[in-house]
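> here is my input, please return the structure:
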Amino acid sequence: MFRVDQFIAVCSAIIAFGTTASAAAPETRRNEDVPSAMVSAPIEGREIVQISDLQPFTHSAYIPVDSDLSSIKVEGIKMVKAATILRSVTKPSDCDHPGGEPGASPNCTRTTYASRVPAVQVTYSYRAPSVESGSAWFTFNVYFREDEIDPRLRRALSTGKISRSAAAELFEITMDKGSIEELVLDEANSILCEGYYVDGSWVHANPKCEDSVTYRKVASPSPYITVKVDSAPSSLETVMATK
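Numbering: from 1, shown residues only. Below is the predicted model:
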């Protein structure tokens, strides 16, 4: 048996490793596009440019697993310009000399959305638990390329001749709770040497013993639900016939 202090140290390493793995996966955040790729490059004046690919045309959004799925409804549909690139410019010299209130984060990064392209934005609302009021309404957007939408629907959108109830019939929703992979300590295949602390350092009781820590992947329920929105061409005929 190994000491409790050593076990705590190993658990801390697992948590840190798991946090790193989670950060590498697409984030699931309300009403925010998630960068899928990022490239950094130095430019003149020692500035650093970070380019993030937003990929807005996935037709998917992520909402908390404890959301009221029966409350999801269309709030609006309109033609917009969707950004496909997030560009951040950081000037290290500004980070070294922060301004504003004491303890405030340095304002040394400028972020802009770029490479906007025509798109159809569909906005949905849903109810989910809220710390402030117990529950509240939230929204998420999905985007379609122009060529993914029937020309007749685009014309109806441009003239404002389509209602919210009619728009709801033009899209189908599927939901997937899914799972995520986590790294946990593989006790059966790990070697944790007994030992003790000396001046804050862990010393093995047996100098010849060497720790060998391995991990294994386990599937856990995801804290988010993936909401996928697809167009329903068969409904377009009915909706347009009522116009």
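> for the chain, which segments count as helices?
4-24, 92-95, 151-159, 164-168, 233-241 (DSSP state H).
> worst average pLDDT in the ones you listed?
Looking at those, the lowest mean pLDDT belongs to helix 4-24 (a mean of 40).
> point to the helix or strand of this structure where mean pLDDT is at its lowest.
helix 4-24 (a mean of 40; mean pLDDT, DSSP states H and E).
> who's in contact with the spatially closest residue to A119 that is not a sequence neighbour?
What sits nearest to A119 in space, not counting adjacent residues and going by C-beta to C-beta, 6 or more residues apart in numbering, is A82, at 3.8 Å. Where you see a C-beta, it was placed from the backbone N, CA and C, and this is true even at glycine. Residues near A82 by C-beta atoms under 8 Å, 6 or more residues apart in numbering: 56-57, 116-119, 121, 143.
> same deal with I191?
209-213.
> swap in F57?
F57 sits in contact with 82, 119, 143-145, 148, where contact means C-beta under 8 Å, 6+ apart.
> and S67, by the same measure?
S67 touches 126-129, 138, 225, counting by C-beta under 8 Å, 6+ apart.
> would you turn the residues you listed into JSON lines with pLDDT, distance to S201 and neighbour count?
Below are those laid out as JSON lines (pLDDT from 0 to 100; distance: C-beta to C-beta, whole Å; neighbours: other C-beta atoms under 10 Å):
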{"residue": "Y126", "pLDDT": "97", "distance to S201": "52", "neighbour count": "22"}
{"residue": "R127", "pLDDT": "96", "distance to S201": "53", "neighbour count": "16"}
{"residue": "A128", "pLDDT": "95", "distance to S201": "47", "neighbour count": "17"}
{"residue": "P129", "pLDDT": "93", "distance to S201": "45", "neighbour count": "12"}
{"residue": "F138", "pLDDT": "96", "distance to S201": "49", "neighbour count": "17"}
{"residue": "I225", "pLDDT": "95", "distance to S201": "46", "neighbour count": "20"}
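> between those, which is closest to D176?
Distance to D176 across the contacts of S67 (C-beta to C-beta) is lowest for I225, with 7.0 Å.
> my guess is the closest one meets M175, correct?
Yes - I225 lies in contact with M175 (C-beta atoms under 8 Å); the separation is 5.4 Å.
> what do these two both touch?
Listed as contacting both I225 and M175 by C-beta under 8 Å, 6+ apart are L69.
> can you read off the backbone torsions of H59?
phi 60, psi 20 (degrees, to the nearest 10).
> and it, how far from M79?
From H59 across to M79, the span is 17 Å (C-beta to C-beta, to the nearest Å).
> could you check which of these two is surrounded by more residues?
Between H59 and M79, H59 has the larger neighbour count (other C-beta atoms under 10 Å), namely 17 against 13.
> just the pLDDT for the more buried one.
95.
> what's the answer for V49, then?
89.
> if we can go back for a sec, turn the contacts of S67 into TSV, columns for distance to A167.
Formatted as TSV, those follow (distance: C-beta to C-beta, whole Å):
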residue	distance to A167
Y126	16
R127	20
A128	22
P129	27
F138	19
I225	22
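> for D68, state which of these is nearest.
R127 (4.4 Å).
> who's in contact with that closest one?
67-68, 71, 135-138.
> could you pull out the strands in this structure for me?
38-43, 47-53, 60-64, 68-90, 109-130, 134-145, 171-176, 179-185, 195-198, 201-204, 215-221, 224-231 (DSSP state E).
> can I get the fourth one in PDB, CA atoms only?
Coordinates of each C-alpha in strand 68-90 appear next as PDB, following Å, rounded to 0.1, in the frame of the first residue of the first chain:
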ATOM      1  CA  ASP A  68     -35.900  21.400 -20.900                       C
ATOM      2  CA  LEU A  69     -35.800  19.800 -24.300                       C
ATOM      3  CA  SER A  70     -39.500  20.200 -24.800                       C
ATOM      4  CA  SER A  71     -39.100  24.000 -24.500                       C
ATOM      5  CA  ILE A  72     -36.900  24.300 -27.700                       C
ATOM      6  CA  LYS A  73     -38.600  26.500 -30.300                       C
ATOM      7  CA  VAL A  74     -37.700  28.700 -33.200                       C
ATOM      8  CA  GLU A  75     -37.400  32.400 -32.400                       C
ATOM      9  CA  GLY A  76     -36.400  33.700 -35.800                       C
ATOM     10  CA  ILE A  77     -34.800  33.100 -39.200                       C
ATOM     11  CA  LYS A  78     -33.000  35.700 -41.300                       C
ATOM     12  CA  MET A  79     -30.300  36.400 -43.800                       C
ATOM     13  CA  VAL A  80     -27.000  37.500 -42.200                       C
ATOM     14  CA  LYS A  81     -23.200  37.600 -42.700                       C
ATOM     15  CA  ALA A  82     -21.600  34.800 -40.800                       C
ATOM     16  CA  ALA A  83     -18.000  35.200 -39.700                       C
ATOM     17  CA  THR A  84     -15.800  32.200 -40.500                       C
ATOM     18  CA  ILE A  85     -12.500  33.500 -39.000                       C
ATOM     19  CA  LEU A  86     -11.700  34.900 -35.500                       C
ATOM     20  CA  ARG A  87      -8.500  37.000 -35.600                       C
ATOM     21  CA  SER A  88      -6.800  38.000 -32.400                       C
ATOM     22  CA  VAL A  89      -3.700  40.200 -32.300                       C
ATOM     23  CA  THR A  90      -1.700  40.300 -29.000                       C
END
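> right, I'll leave it there.
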